[in-house]
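S.K.: Below are the sequence and a predicted model; questions follow.
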Amino acid sequence: MSEQNFDIVVLGGGSGGYAAALRASQLGFSVAMIEKDKVGGTCLHRGCIPTKALLHSAEVADVSRESAKYGINTDFHGVDIAAVTAYREGIVSSKYKGLEGLVKARGITTILGEGRLTSPTTVQVGDDTIVGKKIVLATGSYSRTLPGLEIGGRVITSEQALTLDFVPQKVVILGGGVIGVEFASVWKSFGADVTIVEALPHLVPNEDEAISKQFERAFRKRGIAFNLGTRFSGVTQDENGVVVSLEDGKTFEGELLLVAVGRGPSTQGLGFEEAGVTVDRGFVITNDRLETSVPGVYAVGDIVPGLQLAHRGFQQGIFVAEEIAGLNPQVVEDVNIPKVTYSDPEVASVGLTEAKAAEKYGADEISSYDYNLAGNGKSHIIGTTGSVKVVRVNDGPVIGIHMIGARVGELIGEGQLIVNWEAYPEDVASLIHAHPTQNEALGEAHLALAGKPLHAI
Ligand SMILES: Cc1cc2nc3c(=O)[nH]c(=O)nc-3n(C[C@H](O)[C@H](O)[C@H](O)COP(=O)(O)OP(=O)(O)OC[C@H]3O[C@@H](n4cnc5c(N)ncnc54)[C@H](O)[C@@H]3O)c2cc1C
């Protein structure tokens with residue numbers, strides 16, 4: 001039994017927790033980070049990084065199938081899933097090593113074990129009491145399911161989907177949000193027959209409707225089937241496969257059912273409520289400066305209601321460390337956090353959709369311009385279609401950017417600067433975009449909104 005004292009104790013070593021720990025140590029605090037599994041959390045080990053490695057393998061499969069279109073003759077011999085796994089695991093383990101080295105170099109004390117909040121200043125890990133003047137809760141999230149839908153056998157979540165040692169021939173995916181469509185994209189490129197079931201009226205339903213519709217057209221063209229607007233009612237499974245039923249009586253068969261209906265907060269049984277922390281449906285409620293109902297106890301990442309994204313966790317972690325240090329950091333609202341869906345095609349957005357902008361400012365007070373990537377040389381060269389849509393307040397700043405097409409995720413860096421710096425289209429129009437790049441499409445959309453289109457009508 002021992003007691004260790006620190007300035008800051010971080011519970012959970014994922015994106016949010018380790019960012020808080022890194023920034024806090026940089027600011028001169030003594031920091032303990034408690035992690036029950038592996039530092040890096042969901043994003044590094046089961047989320048962002050391994051899925052993007054899979055998507056890259058999928059892209060290479062498609063490129064090799066279509067290479068003759070570009071005058072290069074190759075033969076596609078299929079997917080070597082063991083080699084795909086080795087490549088994916090290699091990326092993750094190298095990033096993991098790097099992160100462990102960084103945490104060590106910053107002098108952070110990593111405590112391996114499951115922690116439980118036992119008071120506003122203590123976390124219990126086994127027999128050890130870890131005391132912090134401030135506590136940061138960062139215990140992350142898990143794959144949710146629906147009431148009555150049990151995970152097991154042929155009914156899997158993204159964790160199992162990631163580590164399959166075979167390519168399924170036929171899959172049903174429940175959920176057309178980011179995780180569902182990314183796996184749909186991978187499996188289709190690997191040769192599977194894929195059907196997505198989404199209860200809302202669109203795939204990627206949180207995006208601007210014009211983008212969702214283009215996304216659906218692109219998936220349809222790729223031969224990815226989907227059923228929209230009807231809810232799931234049940235699934236049966238046997239040694240041959242699964243049968244998924246919807247409320248309207250339709251059924252879909254597959255070898256597997258991937259359940260991708262969102263992620264729930266990992267907060268149960270961790271002592272949060274007993275210590276006085278307000279929790280609502282499992283999420284930790286904070287004020288806009290990420291302090292919980294218990295002074296000195298903060299929360300970051302997926303346990304805080306809102307967008308569940310790694311870079312939001314990073315930003316919140318940095319924010320809390322700076323807040324504790326009295327640096328008065330700036331609050332970034334969720335709406336201005338960039339979002340990327342890394343399927344083929346990619347979707348990237350920041351700020352308000354056109355519908356939300358019209359709701360907030362009035363339909364007559366906003367304008368938008370949708371630049372078709374058909375007019376963009378680089379997009380044509382790499383064989384992609386899509387668009388860049390920019391929404392502005394009339395005589396005011398850009399408040400939303402929505403893009404679809406191959407590689408548009410790489411354009412969102414500029415998009416988020418424009419929205420977060422509240423740039424006017426006229427400001428952006430006078431800045432130069434290199435030719436030929438896909439970035440030019442952003443430039444062209446702003447030129448058009450500023451009333452001086454170049455390569456657009
Ligand atoms: C398939 C998939 C793909 C994704 N792709 C992307 C993407 O491309 N881009 C993106 O931005 N986001 C992506 N995400 C989301 C991203 O992974 C999460 O938003 C991010 O990991 C949240 O960080 P976090 O620190 O809140 O939680 P987590 O990363 O979940 O970390 C929480 C950590 O706390 C530990 N922990 C929990 N309880 C305890 C305890 N009691 N004691 C000690 N340790 C504990 C856990 O072991 C874990 O390591 C993806 C997620 C999934 C599932």
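M.R.: Cool, got the structure.
S.K.: For the stretch 51-200 of the chain, which residues are neighbours of the ligand?
M.R.: 51, 114-115, 138-141, 158, 179 (Cβ under 6 Å from any ligand atom). Heads up, the C-betas are built off the backbone N, CA and C, glycines and all.
S.K.: Show me where the stretch 201-350 of the chain has its strands.
M.R.: Taking DSSP state E, counting those that start in this stretch to define them, one finds strands in the stretch 201-350 of the chain at 225-228, 232-238, 241-246, 251-254, 256-259, 263-265, 279-280, 283-284, 297-299, 339-341, 346-351.
S.K.: Let me have these in TSV, extended by mean pLDDT.
M.R.: Formatted as TSV, the strands of the stretch 201-350 of the chain follow (pLDDT from 0 to 100):
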stretch	mean pLDDT
strand 225-228	98
strand 232-238	97
strand 241-246	98
strand 251-254	98
strand 256-259	98
strand 263-265	98
strand 279-280	98
strand 283-284	98
strand 297-299	98
strand 339-341	98
strand 346-351	98
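S.K.: Highest mean neighbour count across the ones you listed, which stretch is it?
M.R.: Counting by mean count of other Cβ atoms under 10 Å, strand 297-299 has the highest mean neighbour count of the strands of the stretch 201-350 of the chain, with a mean of 28.
S.K.: Touching that one from outside, list them.
M.R.: 20, 117, 120, 134-138, 275, 277, 284, 286, 290-292, 320, 323-324 (Cβ atoms under 8 Å, 6 or more residues apart in numbering).
S.K.: try 6 Å this time
M.R.: Residues outside strand 297-299 that contact it (Cβ atoms under 6 Å, 6 or more residues apart in numbering) are 120, 135-137, 284, 286, 290-292, 320.
S.K.: do stretch 369-378 as well
M.R.: Residues outside stretch 369-378 that contact it (Cβ under 6 Å, 6+ apart) are 379, 385-390, 405, 436-438, 440-441, 444-445, 448-449, 455.
S.K.: at 8 Å what do you get?
M.R.: 210, 379-380, 384-390, 405, 435-438, 440-441, 444-445, 448-449, 455-456.
S.K.: Going by neighbour count, which residues in it are buried?
M.R.: For stretch 369-378, a neighbour-count test (16 or more other Cβ atoms under 10 Å) marks 369-373, 375-376, 378 as buried.
S.K.: Output the strands of the stretch 201-350 of the chain as TSV; include the columns distance to the ligand.
M.R.: Formatted as TSV, the strands of the stretch 201-350 of the chain follow (distance: least, Cβ to the nearest ligand atom, whole Å):
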stretch	distance to the ligand
strand 225-228	19
strand 232-238	20
strand 241-246	20
strand 251-254	19
strand 256-259	10
strand 263-265	6
strand 279-280	14
strand 283-284	11
strand 297-299	9
strand 339-341	7
strand 346-351	11
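S.K.: What residue in the stretch 51-200 of the chain comes nearest to the ligand?
M.R.: residue 140 (2.2 Å; Cβ to the nearest ligand atom).
S.K.: Now, the residues of the stretch 51-200 of the chain next to the ligand that are in helices?
M.R.: Mapping these onto helices (DSSP state H) picks out 51, 158, 179.
S.K.: confidence score at residue 69?
M.R.: For residue 69, the model assigns a pLDDT of 96.
S.K.: Give the closest residue to it in space, chain neighbours not counted.
M.R.: residue 383 (7.0 Å; Cβ to Cβ, 6 or more residues apart in numbering).
S.K.: Residue 178 too?
M.R.: Spatial nearest neighbour of residue 178, chain neighbours left out: residue 341 (4.8 Å); criterion: Cβ to Cβ, 6+ apart.
S.K.: and if you look at residue 275?
M.R.: residue 117 (4.8 Å).
S.K.: now residue 316
M.R.: The shortest distance from residue 316 to any non-neighbouring residue, by Cβ to Cβ, 6+ apart, is to residue 300 (3.9 Å).
S.K.: What residues does that neighbour make contact with?
M.R.: Here residue 300 is in contact with 16-17, 19-20, 136-138, 290, 313, 316-317, 319-320 (criterion: Cβ under 8 Å, 6+ apart).
S.K.: ok, it to residue 334 distance?
M.R.: Here the criterion is Cβ to Cβ, to the nearest Å. By it, residue 300 lies 13 Å from residue 334.
S.K.: what do you get for residue 193?
M.R.: 36 Å.
S.K.: Compare the two (neighbour count), which wins?
M.R.: Neighbour count, other Cβ atoms under 10 Å: between residue 193 and residue 334, residue 193 has more, with 17 against 12.
S.K.: pLDDT at the more buried one, what is it?
M.R.: pLDDT for residue 193: 98.
S.K.: How about the one 3 residues further on?
M.R.: Taken from the predicted model, the pLDDT recorded for residue 196 is 98.
S.K.: Could you give the number of residues near it?
M.R.: Other residues lying near residue 196 total 26 when counted by other Cβ under 10 Å.
S.K.: Tell me which residues touch the residue nearest to the spatial centre of the chain, please.
M.R.: When Cα atoms, centre = their mean is applied to the chain, the residue found nearest the centroid is residue 309 (4.4 Å). For residue 309, the contact set (Cβ under 8 Å, 6+ apart) comprises 337, 339.
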